[in-house]
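Asker: Sequence plus the predicted model coming up.
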Amino acid sequence: MSKQKVIIIVCILLSLILVGAITSIHYQVAPKGITVTDDFGRNVTLNGVPARIISLSPSNTEILFAIGAGDRVVGVTEYCNYPPAAKTRPKVGGVSTVSIEKVVALNPDIVIGCSINGKDTFERLEELGIPILGLNPKNISGILADIKLVGRVTGEERNATDLVAAIDSRLDAIRAKARAMRGSQQAAAPTVFYDIGGFYTAGNDTFVNEIIETAGGRNIAADKTGYFQMSIEELIAKNPQVIICDRGMGSMSKAYEEIVSDDRLKIVDAVRNNRVYLIDGDIIDRPGPRIVNAAETVYGYLSEFHNIKVKEEGPANATATATITTPPMPLQASP
């Protein structure tokens, strides 16, 4: 074989290797001029894969890191604390107190926002020519759809699809176990009160309500819509069998202390029978990938309720706490 042929073959091999390296980049190239519709009905257009992304809510940050776009996140809010790498990113203010100046200084290709950011934030960024995608999921299916939407605009569509499939699989497993639990016990779903703090709770048309139902419970607040404050009198009258207290999202909640220290609530079944639990607010209050962890935690509490016969009588001041360990994110799709 001549020297010239050897050189040609080597060049061809190097070209193939280079093509393979390019196609193995962890994000896929989005088509130019891609336009998507966000949760507020706004059309958002991008001219390619965003290399610099800013997240304006903790749940958006969790989605970005979970689908493999975390290395391109250049700015987050002060409340974005998960995963740990998010804490190292530059801060652009709070969720409701976004600093437009800091956002602009970070020169983002796209900003992922939410309703709490406020209309002014969206309008100002639009005026400055910075694309902002708004997420506002109302239920679990909305959360999963938003994960796919973020995957599409960031070029991580395959990873997002894999993540959603993994979450769906875990949710289906919880639903199946909850059905089996009720069937084997021939019992109605246990009644649940979720206390965010100050007796504020989540009613119908919230993903928290759907988490409780997925885990096999019946939310006593589901006769009302959205988030509201339940009176102590109504709480006593509805007499929940299980109370789950928000441990706080970003800060400690006093929900648990409010329940166990109020003498009026000692006649409530959940308090009387030692079924007052804690849950990490970061996993149940954020519309992100870890809602499946919240559903698994709630299922564990309700499973315990079915597996242990409720006493007819119990110490008036008895309560139980649960040690919360935050599970890993549902799936970090491999590049």
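Answerer: Structure received.

Asker: Distance-wise, check I267 relative to V153.
Answerer: Per C-beta to C-beta, to the nearest Å, I267 is found 52 Å from V153. (Glycine included, C-beta is placed from N, CA and C.)

Asker: between those two, which one's more packed in?
Answerer: Neighbour totals were compared for I267 and V153, and V153 leads with 26 against 11 (other C-beta atoms under 10 Å).

Asker: That one against G48, yeah?
Answerer: No - counting by C-beta atoms under 8 Å, G48 is not a contact partner of V153; they are 10.6 Å apart.

Asker: Just say helix, strand or coil for the residue nearest to the spatial centre of the chain.
Answerer: Most central in the chain under C-alpha atoms, centre = their mean is G288, positioned 1.9 Å from the mean C-alpha point. Assigned state for G288: coil (three-state reduction, DSSP: H, G, I helix; E, B strand; the rest coil).

Asker: In a strand, L265, correct?
Answerer: No - with three-state DSSP as the criterion, L265 is assigned helix and is not in a strand.

Asker: Remind me what the host helix or strand of A237 packs against, helices and strands.
Answerer: A237 belongs to helix 232-238 when assigned by DSSP states H and E. Packed against helix 232-238 by the contact rule (3 or more C-beta pairs under 8 Å, 6 or more residues apart in numbering; DSSP states H and E) you find strand 191-195.

Asker: neighbouring strands for the strand it packs on, and are they parallel or not?
Answerer: strand 218-219 (parallel), strand 242-246 (parallel) (DSSP bridges).

Asker: With just CA atoms, put that strand into CSV.
Answerer: C-alpha atoms of strand 191-195 as CSV (Å, rounded to 0.1, in the frame of the first residue of the first chain):
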residue,chain,number,x,y,z
THR,A,191,-58.2,10.4,55.7
VAL,A,192,-55.3,12.8,55.6
PHE,A,193,-54.7,16.4,56.6
TYR,A,194,-51.7,18.1,55.1
ASP,A,195,-50.5,21.1,57.2
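
Asker: any idea of the mean pLDDT for that strand?
Answerer: Summarised as a single mean, pLDDT over strand 191-195 is 97.

Asker: Next SSE downstream of it?
Answerer: strand 200-202.

Asker: what does the very next helix or strand once past that following strand contact?
Answerer: Note on strand 200-202: by DSSP H and E, the next helix or strand toward the C-terminus is helix 207-214. Residues from elsewhere that reach helix 207-214, judged by C-beta atoms under 8 Å, 6 or more residues apart in numbering: 137-140, 142-143, 171, 174-175, 178, 189, 192, 194, 202-203, 218-219, 221-222, 284-285, 287, 291, 294-295, 298-299.

Asker: I'd like to know which of those are part of strands.
Answerer: Secondary structure from DSSP state E places V192, Y194, A202, R218, N219 of those in strands.

Asker: related to what we said a few turns ago, show the contacting residues for the residue nearest to the centre of the chain.
Answerer: Contacts of G288 by C-beta under 8 Å, 6+ apart are P58, S59, N60, E62, I63, A66, I143.

Asker: I'd like the distance between it and V192.
Answerer: 22 Å.

Asker: same question, E257
Answerer: Taking C-beta to C-beta, one finds E257 at 19 Å from V192.

Asker: Comparing those two, which residue is more hemmed in?
Answerer: Taking neighbours as other C-beta under 10 Å, E257 and V192 compare with V192 leading, 30 against 12.

Asker: Please name the bridge partners of the more buried one.
Answerer: Here V192 sits in beta bridges with N219, V242, as judged by DSSP bridges.

Asker: ok, it touching R218?
Answerer: Yes - counting by C-beta under 8 Å, V192 does reach R218; the two are 6.5 Å apart.

Asker: among the contacts of helix 207-214, which ones are buried?
Answerer: Taking 16 or more other C-beta atoms under 10 Å as the criterion, what is buried in the contacts of helix 207-214 is 137, 139-140, 142-143, 171, 174-175, 178, 189, 192, 194, 202-203, 218-219, 221-222, 284-285, 287, 291, 294-295, 298-299.

Asker: Grab the nearest non-local neighbour of V103.
Answerer: V92 (5.1 Å; C-beta to C-beta, 6 or more residues apart in numbering).

Asker: Find me the pLDDT at that neighbour, would you?
Answerer: Reported pLDDT for V92: 98.

Asker: tell me, how many neighbours does it end up with?
Answerer: 26.

Asker: surely it meets L106?
Answerer: Yes - with contacts counted by C-beta under 8 Å, V92 reaches L106, the gap being 7.1 Å.

Asker: Need the overlap of contacts for the two.
Answerer: Joint contacts of V92 and L106 (C-beta under 8 Å, 6+ apart) are I54, G75.

Asker: name the helices or strands packed onto the lengthiest helix in the chain?
Answerer: Ranked by number of residues, the top helix in the chain under DSSP state H is helix 157-185. Judged by 3+ C-beta pairs under 8 Å, 6+ apart, helix 157-185 is in contact with helix 140-154, helix 207-214, helix 291-307.
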